[in-house]
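Undergrad: Could you work out the structure for the sequence below:
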Amino acid sequence: MKRIFIIEDDPAIREGLEVSLRDAHYEVEAEADGERGFVKVKRNPPDAIILDLMLPSKNGEDICRDLRAAGVQTPILMLTSKGSELDTVLGLELGADDYMTKPFSLRELHARIKALLRRAPETHPVEEMEVNGIWLNTRTREVLRDGSAIDLSTREFDILTYMMQHKNEVITRDMLLDDVWGYEHYPTTRTVDNYILSLRKKIEPEPSHPRYIITIHTSGYKFIG
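TA: Purely as a prediction, here's the structure:
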């Protein structure tokens, strides 16, 4: 589960972001004070930071600059009530990855966060995974089940990779749509079900009685590992 840290002193905005992001299956931490937030994210960098520009004790510009100087490369989405081009350029020059002006829509913020997380480099990319006899290589895009090759389409491979990376977690259809298809391309949840059905036919010994990809009623799916 991706971890997002919010540094925002407006309680209404901060609490609204916390609820919205947790509902989207992120782990969320928040801090109202700039200096305390800076210390926490420097000590334990999250996967993404939502950073207000105007903060008590240490403003967003200083936090952004000092994190980059300390070698913290976590993607930063900067929030501000200001709207001038100069403020935007300054925030980006200090190391922010994206910039939003208040008021903003939660839908757009979620889209920006997802885009930042997809662009964030993996420090330790995993090329091979094996779960319950299914072996997968993300570089060669090969899949084996009990040593026998399985021919998957590009989308089927991406879904299986995502599910193996999140083994034993409940994976909702919206999570698959957001993280596999991406917010720029948004088919229906029925499309997800069709791909899961197709994937089961290829990897399950008995597709009608799946043991790898099981259905979680009213929620989505789970890859058993």
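
Undergrad: From what I see, residue 221 and residue 163 are in contact.
TA: Yes. Assessed by CB atoms under 8 Å, residue 221 is found in contact with residue 163 at 7.1 Å. Placement of C-beta: from N, CA and C, glycine included.

Undergrad: okay, and the common contacts of these two?
TA: Shared contacts of residue 221 and residue 163, defined by CB atoms under 8 Å, 6 or more residues apart in numbering, are found at 171, 213.

Undergrad: Summarise which helices and strands the helix or strand hosting residue 16 is packed against.
TA: Using DSSP states H and E, residue 16 maps to helix 11-23. Judged by 3 or more CB pairs under 8 Å, 6 or more residues apart in numbering; DSSP states H and E, the packing partners of helix 11-23 are strand 3-7, strand 27-31, helix 106-119.

Undergrad: May I see the buried residues of that helix?
TA: Neighbour counts over helix 11-23 (16 or more other CB atoms under 10 Å) mark 13, 14, 17, 18, 21 as buried.

Undergrad: I'd like those residues written out as a markdown table, with distance to residue 59 and pLDDT added.
TA: As requested, those are exported to a markdown table (distance: CB to CB, whole Å; pLDDT from 0 to 100):
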| residue | distance to residue 59 | pLDDT |
| --- | --- | --- |
| 13 | 16 | 95 |
| 14 | 16 | 96 |
| 17 | 19 | 96 |
| 18 | 21 | 96 |
| 21 | 23 | 96 |
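
Undergrad: Name the next helix or strand downstream of the helix or strand of the chain with the lowest mean pLDDT, please.
TA: Among the helices and strands of the chain, helix 85-93 carries the lowest confidence by mean pLDDT, DSSP states H and E, at a mean of 60. Once helix 85-93 ends, the next helix or strand along the chain (criterion: DSSP H and E) is strand 98-101.
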